[in-house]
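S.K.: A structural model of the following input is requested.
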Amino acid sequence: MMTIKYISALKHYNSSIVSTMGHERIGHLPNTKRWRNIVNELTEFSPKNNNVASIANKTTKNVVSQLERMNQDKGVLSSFSYLLNLLHASRQGDPYTYLEKNGITLSPSFSLLELARSIKQFNQANCESNEYATIASQALIDTVSIWTRQEQQQTTLFFGGEADPFEPWRRAADAGGFSEISRIYFSNFIGRYLRYFLEREASASFKTLFDRNDFNNRLDKHLNEISKSAFETTKVTEQFAAGWYNKNALKQFPSSNDVKGFVGYAIKKLKNNLVFNLNDED
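M.R.: Here you go, the predicted model:
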């Protein structure tokens, strides 16, 4: 059930990612020649020559080489810390005061738009690499949007009326909920990272609006496959997330070292799983 709901929601957000990420100039492309070759293959995509699997494989290989640089990045860690603060606040008697003390300001009955702005502000104040921080904050915005809308729909369906804005996070603030939402986060993170580099390279490669629009249409087809693959890949994070949360975050906010350890281990697991799948396909 969770997988079906998530994939459905993820398709909805895929359509908006092109406009939000394609215009942000937040760094330099690694291995530009490799990415340009992938973009060139995308321009040759056609129903008669369905090379989605090959492109996805090459894209994933490029991303694998970058993952190790992220697991200690301050912006990535602050993004995940924001999520943990939101979960921890939901269990407090006065969640707004708790968040305020930890550098997060939200108004009563805050909206998703306000939450997104708050995430960006928090990451901008706690980052080193603007590139990784932007991708991480966008991935977190995707995650809280998917989770909030999913949970609010269920609340309205069964109980009616307006829900407490912290209620979705209370349902995420246990071992089972955390394992699900952390999987969504890392799936969004990988998907955002893949799309970001492909779109940045496309911006440098295409000279006309027609070519760019044509590329975006092809990219959407390609990234639907990548998104599904990313979600399946991040299943490995569920195997230890629940246990980690019960031990480190259920009764207290985890230490910075605990957060760093979790994010680093999660990214390491994702990298190893991606490498294993790629080698299995070779």
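S.K.: So residue 264 belongs to a strand, correct?
M.R.: No - the assignment for residue 264 (DSSP: H, G, I helix; E, B strand; the rest coil) gives helix, which keeps it out of a strand.
S.K.: so it touches residue 73, yeah?
M.R.: No - taking contact to mean Cβ atoms under 8 Å, the distance of 10.1 Å between residue 264 and residue 73 leaves them out of contact. Yep, even glycine has a C-beta here, placed from its N, CA and C like the rest.
S.K.: Compare those two (neighbour count), which wins?
M.R.: A side-by-side neighbour count of residue 264 and residue 73, using other Cβ atoms under 10 Å, places residue 73 first with 20 against 16.
S.K.: Once you drop chain neighbours, what's closest to the more buried one?
M.R.: residue 132 (4.6 Å; Cβ to Cβ, 6 or more residues apart in numbering).
S.K.: repeat for residue 124
M.R.: residue 133 (7.2 Å).
S.K.: Assumed the one you found was part of a strand.
M.R.: No - when the secondary structure is assigned by three-state DSSP, residue 133 falls in helix instead of a strand.
S.K.: My read is that it contacts residue 123, right?
M.R.: Yes - the criterion here is Cβ under 8 Å, and residue 133 meets it with residue 123 at 4.9 Å.
S.K.: hey, what's in contact with both of those two?
M.R.: Common contact partners of residue 133 and residue 123 (Cβ atoms under 8 Å, 6 or more residues apart in numbering): 75, 78, 79.
S.K.: burial count for the first one?
M.R.: By the other Cβ under 10 Å criterion, the neighbourhood of residue 75 contains 21 residues.
S.K.: What sits closest to it if chain neighbours are left out?
M.R.: Closest residue to residue 75 apart from its sequence neighbours, by Cβ to Cβ, 6+ apart: residue 133 at 2.7 Å.
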